[in-house]
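Asker: Predicted model and sequence below, questions to follow.
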Amino acid sequence: MLQIDTWKRVLIWLVCVTGLLMALPNAFYTRVEQSNDAKAAIELGIDTPEMQAEAAQWPNWMPSSLVNLGLDLRGGAHLLAEVQVGDVYESRMEAMWPEIRDALRDERATIGTIRKQPSDPDEIRVRISEPAGMPRALEVVRGLARQVQTLTGVGATDIEARAEGDTIVVQLSDAEKLASDDRTVRQSLEIVRRRIDEVGTREPTIQRQGTDRILIQVPGIGSASELKEIIGTTAQLTFNPVVNRGTDADAVPGIGESLVPSLDEQGLFYMIESAPVVTGEELVDAQPAFDQNGRPAVSFRFNTSGARKFGDYTRDNVGSPFAIVLDDEVISAPVIQSHIPGGSGIITGNFTVEESTNLAVLLRAGALPAGLEFLEERTIGPELGQDSIDAGKVATIVAFVAVLVFMALSYGLFGLFANIALIINVGLLFGLLSLIGATLTLPGIAGIVLTVGMAVDANVLIFERVREELKSAKGPARAIELGYEKALSAILDANVTTFITAVILFAMGSGPVRGFAITLGLGILTSVFTAIFVTRLMLVMWFERRRPKTIEV
């Protein structure tokens, strides 16, 4: 006998109502994020009186999440940038030369005088006057090498040294170049994301593509040139002496001083000297580390000029605080514990491991580590985006109507139940997209159209199975029950394989491919739910009410 427990019926209808309520805001306006008052509506870009009224009248207790529109629907800018990773090699070699020079000077009795020779940007050539001392010179230089963390080789070092006559040639190792390339691209990605996030754009796509490229797609930006200007704005990182600190936001700075807030401590302000001792342009690297007591810290290293200025200042100001200022906010103000020569130091404080890692990222994000060459530039206007939306709406409506007519003509009353479930299915799909904050793209609309076409597949399998059972002279109740039971395995097999494909597309794809995979995957989930549970519940409720002796499918 057909029977569904009361709690199951309540749960099924509750899921349907919740999903439709989540999708409801999209039926009123979809261009911007939902707002509860007209002022916020204006700030969010709801610039017509009608849309402002809708935003102001929307009940506070109602769901307000919207499906985000992607670049191809909302309009915006698209850039594909190639990171010039080779630029970093030259700076690394320049920063390493003072260390090599000082180490070789201590061996002048063996190797004689040293003189730096002209060389390629990614290497250092040092000529010694006593070729007989070459083995010792190579031993000293190789002793400066540091271990490189790699997946393929344990014990790899960051530099390699070889002799060419009376000249020592120092280069970065292949392992270090790979590691440096990866760090450079990751750092560039973080800086680009930080620059764009500060503008307040919504749902940008900033991701790595290949080994040395970054894909940047930002909806709502007027042109690609405007986006390039935003990316080109480098963060201002400086190291400034601290005059004092306090909680008075209205304190008047003296001549040559500035008042800047703390990044992490709300209400705390620092009075600093406006002229920095060193700037972020002179910072070579910053990495999370641990101090001598095993507490999280951040190690940093300056280039030659920065090292000299930093060393002189720390020598003369032991015990004084030193502010690290990023974009006019103090991210840390450690006290100088001792003279820090050589341009390398460590920032200690009450850090967690995560905080020290974030601080290192902020320090490195002071400026792009390498140049960006823009290989692709595209601007998609709002008009084109609106045309895409309109075309997608037409395609969806045509597919929707065609499926409704086909099901009604083919299966009669049963087809009507399937059509109601299809409407609920589309509502649930938009409700899920709104709930997870997914971005709807033009391929995503294609995924919705495909979902509409595929959504009735399960019902077709069930109804055809019910027809076969009715031919076996079984009663209508038993035929319906067997139809659902025997079609279930085929429905699950077909949809599970398609869902796996959607997951693979989402994991391996990017941009438009992911947009298609999201709507396809969610559409499969809602389709299976409405076919197995919603349509069956409607059939059971109809059957309990009418108790027909015969049925036609």
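Answerer: Perfect, I can see it now. Fair warning: this is a prediction, and the values are worked out from it, not measured in the lab.

Asker: roughly how far apart are A477 and K549?
Answerer: Distance from A477 to K549, counting by C-beta to C-beta, to the nearest Å: 10 Å. Heads up, the C-betas are built off the backbone N, CA and C, glycines and all.

Asker: Compare neighbour counts for the two and give me the winner.
Answerer: Counted by other C-beta atoms under 10 Å, A477 and K549 do not tie: A477 has more neighbours, with 17 against 7.

Asker: Can you give me the pLDDT of that one?
Answerer: At A477, the pLDDT value in this model is 83.

Asker: After the host helix or strand of it, which helix or strand is next? Please name it.
Answerer: Per DSSP states H and E: A477 is located in helix 476-508. Following helix 476-508 in sequence order, the next helix or strand is helix 512-529 (DSSP H and E).

Asker: And that following helix, what's buried?
Answerer: Counting neighbours by 16 or more other C-beta atoms under 10 Å, one finds that the buried residues in helix 512-529 are 512, 514-529.

Asker: repeat for stretch 529-549
Answerer: 529-540, 542-543.

Asker: Let me know the angle separating the helix holding A477 from helix 512-529.
Answerer: Between the direction of helix 476-508 and that of helix 512-529, the angle (axes from the mean of the first three to the mean of the last three C-alpha atoms, to 10 degrees) works out to 160 degrees.

Asker: tell me what helix 476-508 is packed against?
Answerer: Taking 3 or more C-beta pairs under 8 Å, 6 or more residues apart in numbering; DSSP states H and E as contact, the helices and strands that helix 476-508 lies on are helix 457-471, helix 512-529, helix 535-546.

Asker: Dump those to a markdown table, plus mean pLDDT and distance to G133.
Answerer: Putting those into a markdown table (pLDDT from 0 to 100; distance: least, C-beta to C-beta, whole Å) gives the following:
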| stretch | mean pLDDT | distance to G133 |
| --- | --- | --- |
| helix 457-471 | 85 | 81 |
| helix 512-529 | 88 | 60 |
| helix 535-546 | 87 | 88 |
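
Asker: Go through those helices and name the closest to D174.
Answerer: Nearest of the helices and strands packed on helix 476-508 to D174, taken as C-beta to C-beta: helix 512-529 at 32.9 Å.

Asker: just the angle between the closest one and helix 457-471, please?
Answerer: Using the same axes, to 10 degrees: helix 512-529 against helix 457-471 is 30 degrees.

Asker: Helix 512-529 versus helix 535-546: what angle between them?
Answerer: Relative orientation of helix 512-529 and helix 535-546, computed by the same axes, to 10 degrees: 30 degrees.

Asker: Contacts for helix 512-529, please.
Answerer: Contacts of helix 512-529 from elsewhere in the structure, counted by C-beta atoms under 8 Å, 6 or more residues apart in numbering, are 15, 19, 70, 72, 425, 428-429, 432-433, 438-448, 450-451, 454-455, 457-458, 491-492, 495, 498-499, 502-503, 505-506, 509.

Asker: can you do 6 Å?
Answerer: Residues outside helix 512-529 that contact it (C-beta atoms under 6 Å, 6 or more residues apart in numbering) are 425, 428-429, 432, 438, 441, 443-444, 447-448, 451, 455, 495, 498-499, 502, 505-506.
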